[in-house]
Structures are given as structure tokens and as C-alpha cells.
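In: can't give you the sequence, but here's the structure:
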């Protein structure tokens with residue numbers, strides 16, 4: 001199902017991908033963050049759906065469907081670098097900060113801050129080209145909003 005996208009993600013030079021591929025890459029990255037602590041909680045799934053619905057103007061059903069496809073892609077994709085590369089190439093810096101904020105919202109959705117999630121999030125921020133200060137500010141915004 002994702003063979004074509006995975007082959008493009010694993011190519012040495014990732015070609016320009018469609019908006020749909022970028023959406024799917026974000027969904028898979030959100031899922032990877034949520035699964036990284038070994039407990040893929042309902043609260044994290046709900047937060048992913050909320051992020052996808054808000055970011056892309058999707059209905060709840062469409063957001064859940066995109067998350068499900070992201071779950072499948074996340075299981076098949078080799079590493080986090082591929083997802084972040086697609087997103088970095090597809091969106092401007094300000095929107096990448098919003099992606100980091102969304103990742104923090106998912107990581108913190110279960111009420112626990114896990115070192116594995118922190119590690120993947122720091123790596124994702126680096127690969128997205130988001131500096132440490134902006135990543136920390138994104139986390140603080142999520143903390144203060146209770147998202």
C-alpha cells in the first residue's frame with residue numbers, strides 16, 4: 001500500500017512529494033512520537049486526530065483515517081529522518097515550529113514525560129531545522145495550554 005511512498009522516502013535524494021505525502025509523513029511522525037514510550041495511549045491517539053483535523057481542516061472521520069494510514073506507514077518506514085526530511089522540504093520554518101508544538105502535544109497527551117519521547121522529539125526538531133530555543137518555547141506553550 002505504501003510501497004511507492006516508502007521507496008521515495010528511502011531514496012538517497014527525496015523527490016518533491018505531494019501535499020498528501022507530506023500529510024501522511026506528519027501523521028506517521030506523530031504516531032512515532034506517541035509509540036516511542038511503548039504505550040500508545042488513547043489520549044495520544046485523540047491528540048493526533050485533533051492535530052490533524054485542526055492543521056488540515058479535516059472532519060473527525062478524515063483525521064482518524066489519516067492517523068490510521070500514518071500508523072501503517074510508521075510501522076513500515078525505516079527511520080524518523082525520512083519523515084522529517086519530507087516535512088522540512090514541504091513547509092516553511094514557522095510551520096515547522098507548529099509541527100514541533102504538535103509533537104509536544106502528542107508526547108505530553110498521556111500526562112507523562114518520557115525520556116524516549118524527549119529524545120525522539122529533540123532529534124525531530126534538529127532534523128526539521130528548528131532550533132533548541134524555538135523547540136523549548138513550543139513545549140512551554142503546550143505545557144501552559146494543557147493540550
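Out: Alright, I've got the coordinates. This is a predicted model, so every value here is computed, not measured.

In: I'd say residue 122 and residue 135 touch.
Out: Yes - using CB atoms under 8 Å, residue 122 makes contact with residue 135 at a distance of 7.4 Å. The way it works is simple: take the backbone N, C-alpha and C, and place the C-beta from them, glycine included.

In: of the two, who's got more company?
Out: residue 135 (22 against 12; other CB atoms under 10 Å).

In: so the more buried one makes contact with residue 127?
Out: No - applying CB under 8 Å, one finds residue 135 not in contact with residue 127, separated by 11.6 Å.

In: list of residues touching stretch 115-127?
Out: Here stretch 115-127 makes contact (CB atoms under 8 Å, 6 or more residues apart in numbering) with 29, 32-33, 36-38, 80-81, 84-85, 88, 100, 103-104, 107, 131-132, 134-135.

In: okay, buried residues for it please.
Out: 117, 120, 121, 124, 125, 127 (16 or more other CB atoms under 10 Å).

In: now do stretch 81-94
Out: Applying 16+ other CB under 10 Å to stretch 81-94 flags 82, 83, 84, 85, 86, 87, 88, 90, 91 as buried.

In: swap in stretch 18-31?
Out: 21, 22, 23, 24, 25, 26, 27, 28, 29, 30, 31.

In: and if you look at stretch 94-102?
Out: Going by 16+ other CB under 10 Å, stretch 94-102 has these buried residues: 96, 97, 99, 100, 101, 102.

In: coming back round to it: list just the nearest of the buried residues of stretch 18-31 to residue 70.
Out: residue 27 (2.7 Å; CB to CB).

In: give me the pLDDT for that closest one.
Out: Model confidence at residue 27, given as pLDDT, is 95.

In: can you check residue 146 too?
Out: 65.

In: again with residue 125
Out: 94.

In: now do residue 91
Out: 84.

In: how much space is there between it and residue 121?
Out: Distance of residue 91 to residue 121, given as CB to CB, to the nearest Å: 17 Å.

In: could you find the closest non-adjacent residue to residue 64?
Out: residue 49 (5.4 Å; CB to CB, 6 or more residues apart in numbering).
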